[in-house]
Every structure is written in structure tokens, then in C-alpha cells.
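Student: Provided below are the primary sequence and the corresponding predicted coordinates.
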Amino acid sequence: MNVKKTFTIILLFLLLFSTFSAVAADDDRSYTIDQAFVDLTVENNGLLHVDERYDYSFDGQFNGVYRDIPLKDGESIENIKVSVDGAYASHTVSDEDGKKHLKIYLYSDEGHTKGIKDCDVSVHISYDMKNVVTLFNDVGALQYKLWGDEWDVGVGTVNVKAHLPGDKGNEYFLNPQEFNVSSELNKNTITAKTSDIPKGDFYELLVLMPLDDFHDATNAKHVDYDGREMIMKNLNDSVNGRNFWNAAYVILGLLSLLSPIVAIFTYLIFGREPKVMYDGIYERELPTDDPPEVVNALYSSGNVGTPNMDGFEAAILNLIDKKVLSIETVTDEDTETKDLIIKFSGNTSGLKSNEKQVYDILHRFSNNERLNLSSLNSRLSTESNAKWFMGRFNDWQENVSASLEFRAEEEFDYTGTTIIAVLGVGGLLFGVLLAVLGLWTELKSGIYSIAGGIFLILFSLLIMKLDDNKFGKWTPEGRVRYLKWKNFKKFLKDNSLIKEHPPESIVVWKKYLIYGAALGVADKVYDAMKLQEEDIYGYDEDIFMYHRYGGSYMMHSAIMSGQSTMSSSSDSGGFGGLGGGSGGGGGGAF
């Protein structure tokens, strides 16, 4: 028996032993939450009053229960009150990691000296919440988790009442729909009842209310844009997505172990490139006369037909080459370093729409027709600037993609790429499910579910990271163009090749820089240029100054900063998406 096999057996044994030990340790006591009652009152000033009741059934000895109530940015909670039926109690309230933590100690005697044992206890909690109701320009909305997904156990049923400020024009939605047993809206009161909700799931109420029902709503969150259409789209997308995966669960249960086989067959059928009559080693000239952002989108970005940041920078260099933008440097008196300044000519009449977009994006951050590129990074670290920039950057990507739609389809077959995308997402979700089921099951065979889930997760992540052209394939014409641009990139990356075959003019050097940026190797081109100092440093061309003073690095850092700021921020733009409501949280017993 080899070392690897021995280690695997020992690891599996330890995992099984720890699982059995944990199960045995918990055998002497348990508890359930037989039902929960949640009563919400939406005041016309935007305040949300919450009354909760949880009916616990304890088997064994316990010291109390706890309740965690999450708070989103800007939300607050006050007037927390706790009472208990079936036991004596005391409680504490603390703030922990963006949530209110209520710890409720339960006693069997008035002197608070003994814990509880083998009894039924009802815990009542009430509180007021501010900035949970959101008022858009066209509708008032409340999205609230009536049961959170962080409870230690499930619940037998949730009984809901929600009192609204008005009795006309209200709409409500309860999700996930599979938990709904009954619900109705009678005048201004919503009542609902659920089936049992397993541990790890949630139950959520979304209510849309007329704005006229609110007066002096100082306790509501105010958002200056229309919300109803966005909310309904997010809700429908989420509900449809959940329904899809509920249906796909059975299918994936049968097919998940076939994922690698499906991927292999997908590659063999849809991913193998056609044989073409081209055997070039490298290309010195531009293989096609396409603009740089088009070359990036089709032959370099990885996702065929969609440009990336390299394409955006190449478009900037192209505008510099066209004299629409110009470059100068200014010495900072404090640091004695040179700041790179982009100047705007104002002459955009001859530009294509996507080129005009690039110009306008940069111009937004200019002052007196000048943009200090050194400061763009810090400006994109603020949420409002990052949101604007990335929104326009995405618009630019879509514009370029739309202009290439028919050509991309002529040059590249996306069938295999589409199949792998679906396989990757489905495999990742099912792999997580397999691993979770394996961790929670008491059966010894759970280890096989864990191993299969981990393998499927890793395999799914791998295939999702691969570029389009790994499982899709080029048409014969597209394949030739792709290979030529690939060999041109190879030429640009190889300093020895450029040294052996330097361009005949400074104009060609500029094209090398522009298309090197589009292909992601602009730094290699500039390194090669420095080897030819006698040829290039006599020219004070703006496009060379852009690289000489770190323009490429600064622009890349600025865009990355914008992406990072956007990914770390959140607002009500996701309102209506399933599971995105306030409240919820969870609790347990100790």
C-alpha cells in the first residue's frame, strides 16, 4: 500500500470518526422550532415595527436561545423588547459584525439559578427598524425576510401578518413559492402561512405600496429613481432562476458524474479547430485592417466578440494617433515627478460611435480639457465615479460587440462555448449541493458525496475559467485570421525578432504599440523600442510619451480600481432579487 493511499484512508477515517463523535455528543439533547409568528406593521412615516414569536420545544437541558438580526448599511433598530412564556428569562443585546445579537437566558426558577429542561417555551421579540422601507420615485417598497437562512434548525411553519399604511394599490409577493400554503390580502393586511422550511432556507415578503400612503417618511430610505420596473425584473429573474434550478436538480442528479465526459465530447464535436492552408511562423505586418478594439474583441480577449481592458487602452492610443487626444507632462513641484496629462482637442466629428464613447468617458474626468492620468485611480475609488465609469465602459463593450455580432458569428462557432457555460454553472451548483449534503448527512456514504462534490466544483470552476476558443471553434476563414494575429503577437513579444526585422518607419512603430496594446503585449513592444533608441527617441511623439511615463500602467490601475470599488459596494439596485431583503438572519439555542 503506497503512502498516498494510506494517507487518504487515515484522512477518511478521521473525518468519519469526528462526524460520529459530533453526532454522539448531540444525542443527549435537541430542540425544534415548531412554529414562528411574524407580525409586521409599516407606518406611514416609513418606520417598520416587527413582532416575532418563536415556539421552541426542548428535549434535554438548555441555558437559553439567541437571535441575530442583520442590518444593512443605513438601517437601524431600536426599542427592542423581549418576553418569554413557559420559563423565566433575562436577556442581553449587543452589536456584532453588522447585526444585533440578542442572547436570551432561560431559567426554570424565579431565582434564575437553574436552566430549563424538557419543556416548551415561547419567545416574544419586538423592535422598530428604520430605513428598511424604501421610497422610489414611483413606488414604496419593503423587502423583508420573514425567516432567515442562518437559523441552526428549520421551522415547522411560519405564520405571517403584515399591516400596510393604505388599503388600495398594494401588491405583494411571497418567495420561495414552494413554501407557500396560503396567503391573502384583505384591505391593508396580508396574511400568509408556510409549510415547514428546512434549515438553510429563507422565506421573504416583497410589498409594493403607493407613495401616497406615506407622509413625512423620515424613517424610510429615499432613492431618486424609478423602482417598480427594476424590482419586478429582478424578482422575475430570481424566481425564474430558482424554478429552473429546482427543475434541473433531478436532471443534474443523474448527469453530474458525466460532466467530464460531456466536456470531452463537446470538445471533440464542437471544439476541434478546422484544418486550414496556413503555416506561417510569424507576421511582421498587420494581418487585417481592423481597428484595434475589433482585433482585441475578436482575436485576443478570450471571449470572442467582446473587448476587454486591453481593447479600451488600444482605443485610447488610437485616438492619440489620430490627434484627437494629445499628451504632455507636468512636473509635480512637491514630488519632482512627472504627471501625465491627456489633452482633449474637442474635434470628434470624424469618430465612430465606440471611439466617441472612449473620448467621452475620459473627458468626464477632465478639468479645462485636461485629464491628469495620475489622479484617475483615486477618483475611481469613490463609488459614484466608479459606478459611472464602469457603466459607460460596459456600454462601450456592448457597442463594440453589437457592431461585430454578425462577423463574430461568421468567424466563430459558439455552440461548444454555450454548452460548457451551462455545464460549468450547473456543475458548480450541484457540486456545492453534493458537498453540503455529504457534510450534513449521518450516513457513512456521505464521504463519497463530499469527494464527488469537491471534484465537481473544481472541474466546473476550471472549465468556466477557460476562454471561448477552448470549446468553441473558428470557421476556416476566422481560423486563418486568428492564426495570423496570433503570429503577429508572437512577433511583437519576441525582441530578437523585432531586432532582426525592425520597422522601417516611426509610423509602423506606432502601429506596433497600438495593436500590441490590443493584443496585451504593449509592454513588450515598448521594451523592443528601447532597444532601438537611436530610431525612436529623436521623435517626441505623444503615443511614445504615453508609454514612457507609465500611461498604460496608470490606466490599467484606474480601471481595476473602478472594478474593485463596484464589486465592494452595494445599494438598492438589486431590490427585488430573491433573498436580498432586510431582516432575516437566524438564531439557535445554547
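Tutor: Nice, thanks for sending it over. Numbering: from 1, shown residues only.
Student: shaky segments in the stretch 151-300 of the chain?
Tutor: Scanning the stretch 151-300 of the chain for pLDDT under 70 picks out the ranges 241-257.
Student: which parts of it are strands?
Tutor: Assigned by DSSP state E, counting those that start in this stretch, the stretch 151-300 of the chain shows strands spanning 158-163, 171-175, 180-186, 189-194, 203-209, 221-222.
Student: can you pull the contacts of the nearest residue to Ala421 once chain neighbours are set aside?
Tutor: Nearest residue to Ala421, sequence neighbours excluded (CB to CB, 6 or more residues apart in numbering): Met464, at 7.3 Å. Every residue, glycine included, has its C-beta placed from N, CA and C. Applying CB atoms under 8 Å, 6 or more residues apart in numbering to Met464 gives the contacts Ile420, Ala421, Gly424, Val425, Leu428.
Student: name the next helix or strand following the helix or strand encompassing the third one along the chain.
Tutor: Assessed by DSSP states H and E, Gly424 sits inside helix 415-440. Following helix 415-440 in sequence order, the next helix or strand is helix 446-465 (DSSP H and E).
Student: tell me the angle of that following helix relative to helix 415-440?
Tutor: Relative orientation of helix 446-465 and helix 415-440, computed by axes from the mean of the first three to the mean of the last three CA atoms, to 10 degrees: 150 degrees.
Student: who does the host helix or strand of Asp128 pair up with?
Tutor: Using DSSP H and E, Asp128 sits in strand 120-130. Paired with strand 120-130 in the same sheet, following DSSP bridges, are strand 48-59 (antiparallel), strand 76-85 (antiparallel).
Student: chain center to the first one, what's the gap?
Tutor: This points to strand 48-59. Centroid displacement of strand 48-59 relative to its chain, using CA atoms, centre = their mean, to the nearest Å, is 33 Å.
Student: wait, what's in contact with Pro292?
Tutor: Going by CB under 8 Å, 6+ apart, Pro292 touches Gly311, Ala314, Ala315, Leu317, Asn318, Ile514, Tyr515, Ala517, Ala518.
Student: quick one on the thing from earlier: quick one: contacts of the strand holding Asp128?
Tutor: Against strand 120-130 from outside (CB under 8 Å, 6+ apart): 46-58, 65, 67, 69, 75-87, 89, 100, 102, 104, 106, 219-220, 582-583.
Student: show me which residues of that strand are buried.
Tutor: By neighbour count on 16 or more other CB atoms under 10 Å, the buried set for strand 120-130 is Val121, Ser122, Val123, Ile125, Tyr127, Asp128, Met129, Lys130.
Student: give the closest residue to the first one in space, chain neighbours not counted.
Tutor: Think Val121. Closest residue to Val121 apart from its sequence neighbours, by CB to CB, 6+ apart: Gly86 at 4.0 Å.
Student: how many residues are close by that neighbour?
Tutor: 16 (other CB atoms under 10 Å).
Student: distance of it relative to Gly588?
Tutor: Going from Gly86 to Gly588 by CB to CB, to the nearest Å gives 18 Å.
Student: again with Asp213
Tutor: As judged by CB to CB, Asp213 and Gly588 stand 37 Å apart.
Student: pull the residues that contact the helix or strand hosting Thr92.
Tutor: Assigning secondary structure by DSSP H and E places Thr92 in strand 88-95. Surrounding strand 88-95, the residues in contact under the criterion CB under 8 Å, 6+ apart are 64, 80, 82-83, 100-110, 112, 123.
Student: I only care about these that end up buried; give me the PyMOL line for that.
Tutor: Here is the PyMOL command that selects the buried residues among the contacts of strand 88-95 (16+ other CB under 10 Å):
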select buried, resi 64+80+82+100+101+102+103+104+105+106+107+108+123
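Student: report the beta-bridge partners for His49.
Tutor: Residues in beta-bridge contact with His49 (DSSP bridges): Thr41, Asp128.
Student: correct me if wrong: it contacts Thr41.
Tutor: Yes - with contacts counted by CB atoms under 8 Å, His49 reaches Thr41, the gap being 4.2 Å.
Student: still on that earlier bit, partner strands of the strand holding Thr92, with direction?
Tutor: Here, using DSSP bridges, strand 88-95 pairs with strand 99-107 (antiparallel).
Student: if we can go back for a sec, just the buried residues of strand 120-130 now: which is nearest Gln143?
Tutor: Nearest to Gln143 among the buried residues of strand 120-130 is Met129, at 12.4 Å by CB to CB.
Student: show me where pLDDT drops low in this protein?
Tutor: For the chain, applying pLDDT under 70 flags the ranges 1-27, 241-257, 333-336, 437-450, 468-469, 499, 501, 504-505, 530-540, 566-581.
Student: who's sitting farthest from the centroid in it?
Tutor: Relative to the centre of the chain, the most outlying C-alpha is that of Gly111, 51.6 Å out, by CA atoms, centre = their mean.
Student: and it, which of the three is it?
Tutor: coil (DSSP: H, G, I helix; E, B strand; the rest coil).
Student: look up phi and psi at it.
Tutor: Per-residue torsions, Gly111: phi -80, psi 0 (degrees, to the nearest 10).
Student: gap between it and Tyr88?
Tutor: As for Gly111, its distance to Tyr88 is 8 Å (criterion: CB to CB).
Student: check Gly280 too.
Tutor: According to CB to CB, Gly280 stands 86 Å off from Tyr88.
Student: rewinding a little: export the contacts of Met464 as TSV, with columns for neighbour count and distance to Leu483.
Tutor: Output for those, formatted as TSV (neighbours: other CB atoms under 10 Å; distance: CB to CB, whole Å):
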residue	neighbour count	distance to Leu483
Ile420	26	22
Ala421	15	25
Gly424	20	27
Val425	14	31
Leu428	18	33
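Student: how deep is Tyr549 tucked in, by neighbour count?
Tutor: Count around Tyr549 with other CB under 10 Å applied: 20.
Student: an error on my part: the question was meant for Asn354.
Tutor: 23.
Student: that one reaches Ser401, doesn't it?
Tutor: No - between Asn354 and Ser401 there is no contact under CB under 8 Å: 9.8 Å.
Student: got the domain ranges for the chain?
Tutor: The chain breaks down into these domains under automatic domain parsing: 30-226, 249-271+415-469, 292-413+472-566.
Student: hang on, the earlier thing: against which helices or strands is the helix holding Gly424 packed?
Tutor: Contacts defined by 3 or more CB pairs under 8 Å, 6 or more residues apart in numbering; DSSP states H and E place helix 415-440 against helix 228-255, helix 259-266, helix 446-465, helix 468-471.
Student: if we can go back for a sec, list the strands paired with the helix or strand following the strand holding Asp128, with their directions.
Tutor: The helix or strand immediately downstream of strand 120-130 is strand 134-135, counting by DSSP H and E. Strand 134-135 pairs in its sheet with strand 140-147 (antiparallel), strand 221-222 (parallel), by DSSP bridges.
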